[in-house]
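Colleague: here are the coordinates; sequence isn't available:
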């Protein structure tokens, strides 16, 4: 601790940080220490099972994921923040799944990409702290570096990691984003949130592809969120039917979680749906040209998967939809001029409709 920091009342500063965070729109903040050794052990066991699929970045950076002071030298504590994203006025996700001609998009992806929004808010919070205490060593993150966000949030008292591996808050459920400020301030840590899933295992059988192989164990190779977002190759054929009309991510394990009866409506207008993505026909999306895709997903997290994966996902969803002449025609018309990867999925979709007739 340097000389200037010795004059700081860290308990008061921590209380002020909580107030400033609320003013910036955060739902809650907490403080974690930097001992993530237990989470590091769990991560290494998960990696040894190859549950990370081809997400090689999970191997990179070595121990920096669970040694925050190696990632950002001088880090003494971590401010963890959460921001609710659910627009409770949109069409319920469960209803979207039932309308097989329409698209089911993970609720977090309906509006603006959260990465920049979260980092901008975190930077403003850090600057407010710096204005109060003087020169501050810090770095902000939101799903943007080798940071164990969920473990940090749990240690900071924001929630507990549920059996589906998402963080659950007892007053707000699980529909929120996480972000962090690594800082050289020795802030007092919060008590970790205790575990409250009890004997409930509703999320495990709810997974359409059986990706939750055991409590707290998600095999990304079977996870629809991985298959439709992180995966840039073909979707394994046995998993295509279970995907249904889910074209970007999957919320099924959260949808059945009893704690989400406490879901809080987001106060962030940027998270409201764009392009009617909460209630839109698969065919309309499939007919977007690449130029339309890039224009209509500008500022959206969906844009990061690229047009080829977008077409692939929609082809699978259309193959699972009720057979209609317009769907068969659209699929057939797209066969020429697409990549081999997309063509494979269109041909699979057409085969599904041939078998239904």
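Modeller: Ah, there it is. On a predicted model such as this, the values are computed, not experimentally measured, just so you know. Numbering: from 1, shown residues only.

Colleague: low pLDDT regions in the stretch 251-357 of the chain?
Modeller: For the stretch 251-357 of the chain, the stretches with pLDDT under 70 are 357.

Colleague: Please apply the same query to the stretch 51-200 of the chain.
Modeller: 57, 59, 61-62.

Colleague: at 80 instead, please
Modeller: Scanning the stretch 51-200 of the chain for pLDDT under 80 picks out 53-62, 144.

Colleague: Do a quick rundown of the strands in it.
Modeller: Using DSSP state E, counting those that start in this stretch, the strands of the stretch 51-200 of the chain run over residues 77-84, 104-105, 138-141, 160-161, 167-168, 176-183.

Colleague: Now tabulate these in CSV and tack on mean neighbour count.
Modeller: All C-beta spots, glycine's among them, are computed from the backbone N, C-alpha and C. CSV is the format used below for the strands of the stretch 51-200 of the chain (neighbours: other Cβ atoms under 10 Å):
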stretch, mean neighbour count
strand 77-84, 26
strand 104-105, 28
strand 138-141, 21
strand 160-161, 19
strand 167-168, 24
strand 176-183, 25
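
Colleague: Out of those strands, the one nearest residue 348 is which?
Modeller: Taking Cβ to Cβ, strand 104-105 is the member of these nearest to residue 348, at 18.9 Å.

Colleague: what pairs with the closest one, and is each one parallel or antiparallel?
Modeller: strand 246-248 (parallel) (DSSP bridges).

Colleague: Report the buried residues of the partner strand.
Modeller: 246-248 (16 or more other Cβ atoms under 10 Å).

Colleague: what's in contact with the next helix-or-strand element following it?
Modeller: Sequence order places helix 252-255 as the next helix or strand after strand 246-248, per DSSP states H and E. Helix 252-255 has contacts (Cβ atoms under 8 Å, 6 or more residues apart in numbering) with 93-94, 97, 164, 166, 173-175, 203-204, 206-208, 212, 224, 260.

Colleague: Following the chain onward from helix 252-255, which element is next?
Modeller: Past helix 252-255, the next helix or strand by DSSP H and E is helix 282-286.

Colleague: so how far is that next one off the chain centroid?
Modeller: Distance of helix 282-286 from its chain centroid, counting by Cα atoms, centre = their mean, to the nearest Å, is 24 Å.

Colleague: List the buried residues in it.
Modeller: 282-283, 285-286.

Colleague: Among those, which one lies nearest to residue 17?
Modeller: Nearest member of those to residue 17, counting by Cβ to Cβ, is residue 285, at 41.9 Å.

Colleague: picking up where we left off before, pull the most distant pair out of the buried residues of helix 282-286.
Modeller: Top of the distance list for the buried residues of helix 282-286 (Cβ to Cβ): 283 and 285, 7.4 Å.

Colleague: Number of residues surrounding the spatially closest residue to residue 24 that is not a sequence neighbour?
Modeller: Once flanking residues are discounted, residue 24 sits nearest to residue 121: 5.0 Å by Cβ to Cβ, 6 or more residues apart in numbering. Neighbour count of residue 121, defined by other Cβ atoms under 10 Å: 21.

Colleague: And residue 121, how far from residue 69?
Modeller: Distance, residue 121 to residue 69, using Cβ to Cβ, to the nearest Å: 24 Å.

Colleague: Quick check: the gap between the residue lying closest to residue 246 once chain neighbours are set aside and residue 301.
Modeller: Once flanking residues are discounted, residue 246 sits nearest to residue 104: 4.7 Å by Cβ to Cβ, 6+ apart. According to Cβ to Cβ, residue 104 stands 15 Å off from residue 301.

Colleague: again, but for residue 166
Modeller: For residue 166, the distance to residue 301 (Cβ to Cβ) stands at 17 Å.

Colleague: now swap in residue 195 and tell me
Modeller: For residue 195, the distance to residue 301 - Cβ to Cβ - is 30 Å.

Colleague: Pick out whichever of those two has more residues nearby.
Modeller: For residue 195 versus residue 301, the count of surrounding residues by other Cβ under 10 Å is larger for residue 301: 20 against 12.

Colleague: which residues touch the closest residue to the more buried one other than its chain neighbours?
Modeller: In this structure, residue 301 finds its nearest non-sequential neighbour in residue 113, 4.4 Å apart by Cβ to Cβ, 6+ apart. Residues counted as contacts of residue 113 (Cβ under 8 Å, 6+ apart) are 299-301, 303-304.

Colleague: before we move on, the earlier item: wait, what's in contact with the residue nearest to residue 246?
Modeller: Here residue 104 is in contact with 93, 96-97, 244-247 (Cβ under 8 Å, 6+ apart).

Colleague: Kindly reformat those as a markdown table containing distance to residue 329.
Modeller: A markdown table is the format used below for the contacts of residue 104 (distance: Cβ to Cβ, whole Å):
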| residue | distance to residue 329 |
| --- | --- |
| 93 | 29 |
| 96 | 24 |
| 97 | 25 |
| 244 | 22 |
| 245 | 19 |
| 246 | 23 |
| 247 | 20 |
